[in-house]
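>>> the following block contains a protein sequence and its predicted model.
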There are 2 protein chains.
Amino acid sequence: MSIYLHDIPLPEARRRLQEALADAGLGGVLGTETIALDQNALGRVLATAIWADISSPHYHAAAMDGFAVRAEATATAHPASPVVLALDNAEGLDGARSARYVDTGDALPVWANAVVPIESVESLEADGQAAVDSRRAVSIRLRSAVIPWSHVRPLGEDIVETQLVLAAGRVLRPVDLGAIAAAGHDRVVVARKPRVAIVPTGTELVPIGSRPGPGSILEYNSLVLAAQVEAMGAEATRFPITGDDPEMISQAVRTAAEGHDLILLNAGSSAGAEDFSAGVIGRLGTVLVHGVAVRPGHPVILGMIDAAVRGALHAPRRTAPESDGGSAGLSKTTRATPIIGVPGYPVSAALTAEIFVEPVLAKWLGRSPAVADTITAELTRKITSPAGDEDYVRVALARVGAKLLASPLSRGAGVISSLVQADGMLVVPVGVEGIEAGEQVPIRLYRGAAEIEHTIFCIGSHDLSLDLIAAFLAESHVRFVSANVGSQAGLIALGRRNGHLAGSHLLDPQTGEYNISYIRHYMPGIPVRVVALAGRDQGLVVRPGNPLDLAGLLDIVGKRARFINRQNGAGTRVLLDYHLKLQGISPTSIHGYNDEEYTHLGVAAAVASGRADCGLAIAAAAQALRLDFIPLFRERYDLVIPLEHAHTDLLTPLLKLLHRKDFQEAVSMRQGYDVSIMGTVVLEDT
Amino acid sequence: MSIYLHDIPLPEARRRLQEALADAGLGGVLGTETIALDQNALGRVLATAIWADISSPHYHAAAMDGFAVRAEATATAHPASPVVLALDNAEGLDGARSARYVDTGDALPVWANAVVPIESVESLEADGQAAVDSRRAVSIRLRSAVIPWSHVRPLGEDIVETQLVLAAGRVLRPVDLGAIAAAGHDRVVVARKPRVAIVPTGTELVPIGSRPGPGSILEYNSLVLAAQVEAMGAEATRFPITGDDPEMISQAVRTAAEGHDLILLNAGSSAGAEDFSAGVIGRLGTVLVHGVAVRPGHPVILGMIDAAVRGALHAPRRTAPESDGGSAGLSKTTRATPIIGVPGYPVSAALTAEIFVEPVLAKWLGRSPAVADTITAELTRKITSPAGDEDYVRVALARVGAKLLASPLSRGAGVISSLVQADGMLVVPVGVEGIEAGEQVPIRLYRGAAEIEHTIFCIGSHDLSLDLIAAFLAESHVRFVSANVGSQAGLIALGRRNGHLAGSHLLDPQTGEYNISYIRHYMPGIPVRVVALAGRDQGLVVRPGNPLDLAGLLDIVGKRARFINRQNGAGTRVLLDYHLKLQGISPTSIHGYNDEEYTHLGVAAAVASGRADCGLAIAAAAQALRLDFIPLFRERYDLVIPLEHAHTDLLTPLLKLLHRKDFQEAVSMRQGYDVSIMGTVVLEDT
């Protein structure tokens, strides 16, 4: 409990690992194997360059169906004075006055140096008349001269014997396989796949598919790491879960070192009471690095396991039967095995694979390390960052008008959904403590820029039907990304042209009308179309059976119930304050008024967990977490769309969706929704 | 022989196929299957959306190693007046003055609402003194208040039960697997892989690995098509080669229709004497389209095979045992099977898969069709294009200074190496007959933009050692792309800043010096560094045994040998003209003086094939094609590098390479090279 991590800079951490690998004879391709081109060669990495064994074509080939001729024999041909060439299939002629029928791909006769396409000649019968049946033709008539080598694919047009076809290090694509075959090969020498052992540790871990109790955690990091490693071109072995016991972890590591090139030990890489990774690695070998200045993912360990401790019985390492042998002169049994202590949080674990595992596998495969394409985007929200770390901020991307927007996602290392939703990564360099909203920032892309163009970016209030919109629009391959910042922040964002639309349910206490006055206030001068999404019940979410017997807002005060509130600016918060005022209830009299959540489901979760007794939310949130719901108010939830986006190809599928019966039914199946108004245009500016 | 193709526009061809598929009940996902997350789920396409079954975390979890407390109990803590909380592990307390040790990930006690990190507290023993051994601690002392919910991952922080995790149509990535597992699933419903039969036809075809004779063609299209189809997410079955016999082709198609969702019939899709595809498809079903206005690849056939003719014995179609069933209500045995007649040229075949097969497979898998990212680049050479066609021009890309250059590759449909070298595709739309050099054009990318930045673009004279440079530089993951346009055109290109360097061997007949005067002429005002690559022998390439007994240029005239020349502007052409003049030989007296090739190997291939008796080229070219070589002149081959590129990170590996012993040895192993001058700086401007 007294060990603290001393984070070292990322480049230094990488350098130490690289040097240790080079010292262990593991600085390059681990070994090669020869495989048939049709034996899953796709995606493998060429270990040796491909030089052409034969030319392609390996003879002068007709490029059209037609007649092989000697061009010189046609030199005098004119429309008025045609040249007639005898059809002659005998070999050995000089072709001076001959022609021979050839199909595309046929070899030219030795005497020929051009092909006349079949549609450019007249076939003649013996009597000099046009041949009706081509089989009876004995000669052809040409009315224009033929350029030498026209309609011929000369020997070597594609590939010339001895030329370089592909350099080593190429990750084989489908057309590469064709070119290699065309150059006379049916086998290739590729880098053998590195073998990576993934060893999950932790007494609290349970396999996926279990129903975990409190304190138990589903072990899915090994699933993600294995898939990452395989996508990088290596083979992964997932070990069973090992409990937090140094001896058992030590044994698992020694077993993994036998027959694997790299070990990923997950987790226990930090410095807590049950973090045994560093100790185990130190006893079985060397800790090169413990703690790197990156976020998330700083408690990473880089180390080497001694060759001597490998395996349960110190057995010599097996050599894969298909291997052509290693690239270095060292005997395999004398090599140390690199090990990476991977942090336990899922985002940290996935980033560790990208940052540390990928470059090692690239070296071992002999290919270039992966380099993400980069795009420049405008940051929608200010972010802060620890100055000492390289900080990896996941962002969602969308094109709104002329702007490409980068919307920061959850920063939590435990929030794997932020990686799932991420279109790219903003890497905040060491020394930068924050970036203001509106700044142009470089984003490393996780998906193609083309895909990002098909993204509707909705910002504002959260509603469960937004998920249904996303699910339905996916059918038409439109991405619907929603940033749940609350109604007011959504309208402000639209005022800055930072979204295609906003979900909003802001009640104007003066008029009793929804949204319009807020739109005018927060989006001055921006014409909009406002479309009703649904009427929704808002009410009290309470534990099953409503144990405190709450019937309204007054009961919260009277029965001293612990309340969970929504954040300032949320439509639900406005609604609450409106009704508190109507009923003359002071916010300070509500226990938990300042305890905030950012979504309806967050409120419901707080009630379900016992953190609060009640909260104001929509019925669907209560239904989702099997809680009880006391309806209090019906409100209208609108979609606010700046006119400049309302009639674009991008948003058309969304607006059509609101009139689809199956979508309306899907929404109305959730408790507390009134879809009769769905799609109604509340306001359209001109 | 009398059938002519009527090319229809691409959008119309696509529309006809789509409609026919929809009519046959094949307009969407073919079927689904349920697979375990750890059962090769990576890359599969979600057929149903993933909604969360459980929240993640599913309890309030400690986010640090430390002590769970009730925040309110610490409200008065100040440095001068600390708060002491008793360590108490009993359940059921309200936690008013309690703390409990928790590891990261542990569930909070019901009464706790915050975690204090272990390093922020003092542990005390029973006597109130600091605990040396943490196991003897009985209480903790805090000197600052704790914010509620700090260092806690509240229930649902990542994923809330019932929320949408992933929409259908998602191609599963590694982190997606983690999020699905975190949401409580260990299985997913994915689209079943479409089954594609690839039927190669052609009497001239021989399997890869054979040594084909003249007129025989290596059959590798099925290899490329199978790899393409697999990369698109489907399963491919390669059928054996079928000869050009309508009955046999017909039988192969009927067999393929049994158990496959799509048939690719390759080739015979044109309208020649041995093109039986359209006839076979017409007899077994319907030809929807024969001929599409795209180049290369216009003789494509789109058709449907009737359900009734399927299989040798009209057996009912097998249903895959793992299938969850089809998406449509139609019985499978009543469905027609789409068939695509794929043109025979390899570039045409690969493009047909991209243009027609990919969108069909995308629909059947329920994912978005592939959309290439697009980049804007400057065209280096004028191109012409048939106005009626969509024309697919392969280009190599390189960044030279501020310019991104697109250099058109070979246009030939038979030149698969053009696809291998292609970094992208310029699609010239219908109605455009040509694009001038220097125009900015949109390029569909075949590789990441980042990779293109690491490309050295060499333009100019061809030399075999450029291939060796490319092979050696690949080790350092630098791409070396060379456009072989001849020495003079290379210098002109550098004068337009259209390359990083040029290979040149231009003799100045006035001074007997190489390159300098040409550089000044074609690259005015551009300072350069000129580095010698090698001395090379130029001489006569003749057939083995030198049957015409040629000893010099005069013999070409005297013995009436057929000569093959290099193109105007090539250094070898300049050298020839220089020596012809010296020896008083008139070019018109040389038979074949106007017959041109663009590379040394092209010249050698012309001699090897018997098209010419001799040509002037370097020894290496003769050696490569096992021809004889009569050395005549030694020349110097230089690399000309504009100073602005000479000292960049990009070119440094190249300049270092020239001094590497292993590289020099590799070059000198080729006949006729003198590497003693390699790397010598001939000229460096200031």
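Structure received.
>>> going forward, measure contacts and count neighbours with C-alpha atoms only.
Fine.
>>> show me the helices in the stretch 251-400 of chain A, by range?
Ranges of helices within the stretch 251-400 of chain A are A:277-284, A:346-352, A:358-365, based on DSSP state H, counting those that start in this stretch.
>>> ranking these by burial, who's on top?
When the helices of the stretch 251-400 of chain A are scored by mean count of other C-alpha atoms under 10 Å in any protein chain shown, the highest mean neighbour count falls to helix A:346-352 (a mean of 26).
>>> any idea which helix or strand carries the closest residue to chain B within the stretch 451-600 of chain A?
Closest approach of the stretch 451-600 of chain A to chain B (C-alpha to the nearest C-alpha) occurs at A:A471, with a separation of 4.9 Å. Here A:A471, judged by DSSP states H and E, is contained in helix A:464-474.
>>> what's the answer for A:P631, then?
Here A:P631, judged by DSSP H and E, is contained in strand A:628-642.
>>> partners of that strand, with directions?
Paired with strand A:628-642 in the same sheet, following DSSP bridges, are strand A:502-504 (antiparallel), strand A:528-542 (antiparallel).
>>> turn the ones you listed into a markdown table, including mean pLDDT.
Putting these into a markdown table (pLDDT from 0 to 100) gives the following:
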| stretch | mean pLDDT |
| --- | --- |
| strand A:502-504 | 97 |
| strand A:528-542 | 97 |
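>>> which of the ones you listed is buried the deepest?
The highest mean neighbour count among these, using mean count of other C-alpha under 10 Å, belongs to strand A:502-504: a mean of 32.
>>> what residues does the stretch 551-686 of chain A have near chain B?
Within reach of chain B by C-alpha under 8 Å from any C-alpha of the partner chain, the stretch 551-686 of chain A has these residues: A:601-602, A:605-606, A:609-611, A:624-625.
>>> to clarify, my last question referred to the stretch 351-500 of chain A.
When proximity is defined as C-alpha under 8 Å from any C-alpha, the stretch 351-500 of chain A approaches chain B at A:366-368, A:371-374, A:414-420, A:448-451, A:464, A:467-468, A:470-471, A:474-475, A:477.
>>> filter those residues down to the ones in strands?
Those of these mapping onto strands are A:T374, per DSSP state E.
>>> now the residues of the stretch 351-500 of chain A next to chain B: which count as buried?
Taking 16 or more other C-alpha atoms under 10 Å in any protein chain shown as the criterion, what is buried in those is A:366-368, A:372-374, A:414-420, A:448-449, A:451, A:464, A:467-468, A:470-471, A:474, A:477.
>>> re the thing from before, list the buried residues of the strand holding A:P631.
A:628-632, A:635-642.
>>> what mean pLDDT does that strand get?
Strand A:628-642 carries an average pLDDT of 96.
>>> distance from that strand to the middle of the chain?
With C-alpha atoms, centre = their mean, to the nearest Å as the basis, strand A:628-642 stands 34 Å off its chain's centre.
>>> who's in contact with it?
With C-alpha atoms under 8 Å, 6 or more residues apart in numbering or on different chains as the test, strand A:628-642 has contacts from A:494, A:500-505, A:514-515, A:526-546, A:551-552, A:619, A:622-623.
>>> make sure A:L404 is actually in contact with A:A396.
No. Applying C-alpha atoms under 8 Å, one finds A:L404 not in contact with A:A396, separated by 10.4 Å.
>>> and these two? Which one has more around it.
Neighbour totals were compared for A:L404 and A:A396, and A:A396 leads with 24 against 20 (other C-alpha atoms under 10 Å in any protein chain shown).
>>> ok, now which ones touch the more buried one?
A:A396 sits next to A:405-409, A:421-424, A:481 when contact means C-alpha under 8 Å, 6+ apart.
>>> can we see that at 7 Å?
A:406-409, A:421-424 (C-alpha atoms under 7 Å, 6 or more residues apart in numbering or on different chains).
>>> mind putting the residues you listed in CSV, secondary structure included?
Below are these laid out as CSV (DSSP: H, G, I helix; E, B strand; the rest coil):
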residue, secondary structure
A:A406, strand
A:S407, strand
A:P408, strand
A:L409, coil
A:Q421, helix
A:A422, coil
A:D423, coil
A:G424, strand
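>>> which of the residues you listed sit farthest apart?
Pairwise distances across the contacts of A:A396 (C-alpha to C-alpha) peak at 12.2 Å, for the pair A:A406 and A:Q421.
>>> with neighbour numbers in mind, choose between these two.
In this view A:A406 and A:Q421 are compared by other C-alpha under 10 Å, and A:A406 has more residues nearby, 31 against 20.
>>> is it true that the more buried one touches A:I383?
No. Here A:A406 lies out of contact with A:I383, judged by C-alpha atoms under 7 Å, at a distance of 11.6 Å.
>>> doesn't A:V481 make contact with A:I456?
Yes. Using C-alpha under 7 Å, A:I456 is in contact with A:V481, at 6.1 Å.
>>> show me which of these two is the more surrounded one.
Neighbour totals were compared for A:I456 and A:V481, and A:I456 leads with 25 against 19 (other C-alpha under 10 Å).
>>> please name the nearest non-neighbouring residue to the more buried one.
Closest residue in space to A:I456, ignoring its immediate chain neighbours: A:F480 at 4.8 Å, by C-alpha to C-alpha, 6 or more residues apart in numbering or on different chains.
>>> one more: A:D186?
Distance criterion C-alpha to C-alpha, 6+ apart; nearest residue to A:D186, sequence neighbours excluded, is B:G209 at 4.9 Å.
>>> ok, the one you found - contacts?
Going by C-alpha under 7 Å, 6+ apart, B:G209 touches A:184-186.
>>> now which of the residues you listed would you call buried?
The neighbour-count test (16+ other C-alpha under 10 Å) applied to those identifies A:184-186 as buried.
>>> just the closest of these to chain B, please.
Nearest member of the buried ones among the contacts of B:G209 to chain B, counting by C-alpha to the nearest C-alpha, is A:D186, at 4.9 Å.
>>> so who does that closest one touch?
Per C-alpha under 7 Å, 6+ apart, neighbours of A:D186: A:36-37, B:208-209.
>>> buried subset of those?
The neighbour count (16+ other C-alpha under 10 Å) marks A:37, B:208-209 as buried among the contacts of A:D186.
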